[in-house]
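In: Build me a model:
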Amino acid sequence: MCRVVDLQQAVLAKNDATAHTLRADLAARGTTIVNLLSSPGSGKTALLERELLLARERSVPVAALTADLATENDATRLARSGVPVKQVLTDGLCHLEAGMLGGHLDGWLPDDTRLLFVENVGNLVCPASYDLGETLRVVLASVTEGEDKPLKYPTAFGLAHLVVVTKTDIAEAVEFDEAAFRANVERINPGVEILLTSARRGRAIGELLDRALAAADGAPVHTPVMARRPDGPGHEHAHGHDEAIAHHHGDGQVHTHGAGAMARNRS
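Out: This is a model prediction of the structure:
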């Protein structure tokens, strides 16, 4: 187990170094990455489609890269906005990594891109531990997913710079308890902003774009408490926290890391 954890720490450290370089390279050309994380079916694609349409109306040069295990459905939807869109099929890998992202940007991302929205694989476990070189990390949750979502996925919510609630047009019908959700987010990530949105009704459309543009212009973003607790050299954010994270790396095995695994590695 220690050897598996050592390998996992090495993979994360390598990813962090790659992400740091990617962030710097894109910043030099005036491009800012916005990393969108959520569970499947959260309404992430619907909201992003509205934001991309608005960006085009405002003449803001944006692009979107969307990752999925299979199908190009999300890219087809996002392309309706008229902005550059690329689909990445991960072939079973449950997350994007900085090196993968950088490789897909070469020769595709327009030089004048101001914002690159990355729609990560629908998963709140694996993607949470991988820095993609983003300046703004956004975690989305729909009103149908339960108010305890932040407690169940503390790494994802704990490292977010912004939390977005989707599908608020049906909040009453599903008896969504906004106060409870806010309290749970605050418990995991004190001080993080929460946006309430509805792609269907147009509620708060444009606010995500505004936050992203502000970050691109150098406005300070929220610093999560978890990001202030380095877990090793080269790491600016914590991996694992309270949950064990298991994911495939293409070698037929599932590797687990998290608070318990880290403790075993230190023993």
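In: alpha carbons only for contacts and neighbour counts from here, please
Out: Will do.
In: mind listing what's buried in the helix or strand containing A183?
Out: According to DSSP states H and E, A183 maps onto helix 178-188. Residues of helix 178-188 classed as buried: E178, F181, R182, N184, V185, E186, I188 (neighbour count, 16 or more other Cα atoms under 10 Å).
In: Which residues does stretch 74-94 contact?
Out: By Cα atoms under 8 Å, 6 or more residues apart in numbering, the residues outside stretch 74-94 that reach it are 45, 48-50, 52-53, 56, 61-72, 96, 104, 109, 121, 123, 126-127, 247-250.
In: Got a quick PyMOL command for the buried subset of these?
Out: Of those, the buried ones go into a single PyMOL selection, burial set by 16+ other Cα under 10 Å:
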select buried, resi 45+48+49+50+52+53+61+62+63+64+65+66+67+68+96+109+121+123+126+127+247
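In: Return the subset of the contacts of stretch 74-94 lying in helices.
Out: T45, L48, E49, R50, L52, L53, R56, H104 (DSSP state H).
In: can I get the buried residues of helix 178-188 in a markdown table with distance to M226 and pLDDT?
Out: As requested, the buried residues of helix 178-188 are arranged in a markdown table below (distance: Cα to Cα, whole Å; pLDDT from 0 to 100):
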| residue | distance to M226 | pLDDT |
| --- | --- | --- |
| E178 | 23 | 98 |
| F181 | 19 | 98 |
| R182 | 18 | 98 |
| N184 | 15 | 98 |
| V185 | 13 | 98 |
| E186 | 12 | 98 |
| I188 | 9 | 98 |
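In: Return the closest of the residues you listed with respect to I194.
Out: R182 (7.8 Å; Cα to Cα).
In: distance of the closest residue to the closest one other than its chain neighbours from T223?
Out: Nearest residue to R182, sequence neighbours excluded (Cα to Cα, 6 or more residues apart in numbering): I194, at 7.8 Å. Separation of I194 from T223 (Cα to Cα, to the nearest Å): 14 Å.
In: Next: L47.
Out: L47 sits 24 Å away from T223, going by Cα to Cα.
In: Who has more neighbours out of these two?
Out: L47 (24 against 17; other Cα atoms under 10 Å).
In: Can you tell me the closest non-neighbouring residue to the more buried one?
Out: Excluding the flanking residues, the one nearest L47 by Cα to Cα, 6+ apart is A199, at 5.1 Å.
In: for the one you found, what are its contacts?
Out: G43, A46, L47, R50, T166, K167, I205.
In: And for D25?
Out: Listed by Cα under 8 Å, 6+ apart, the contact set of D25 is empty.
In: cool, and T66?
Out: T66 touches D74, A75, V85, K86, Q87, V88, V118, E119, N120, V121, counting by Cα under 8 Å, 6+ apart.
In: how many neighbours does T135 have?
Out: Residues lying near T135 (other Cα under 10 Å) number 21.
In: Verify the assumption that V88 is located in a strand.
Out: Yes: under DSSP: H, G, I helix; E, B strand; the rest coil, V88 sits within a strand.
In: what's the pLDDT at it?
Out: At V88, the model reports a pLDDT of 94.
In: Just give the number of residues close to it.
Out: V88 has 21 neighbours, counted by other Cα under 10 Å.
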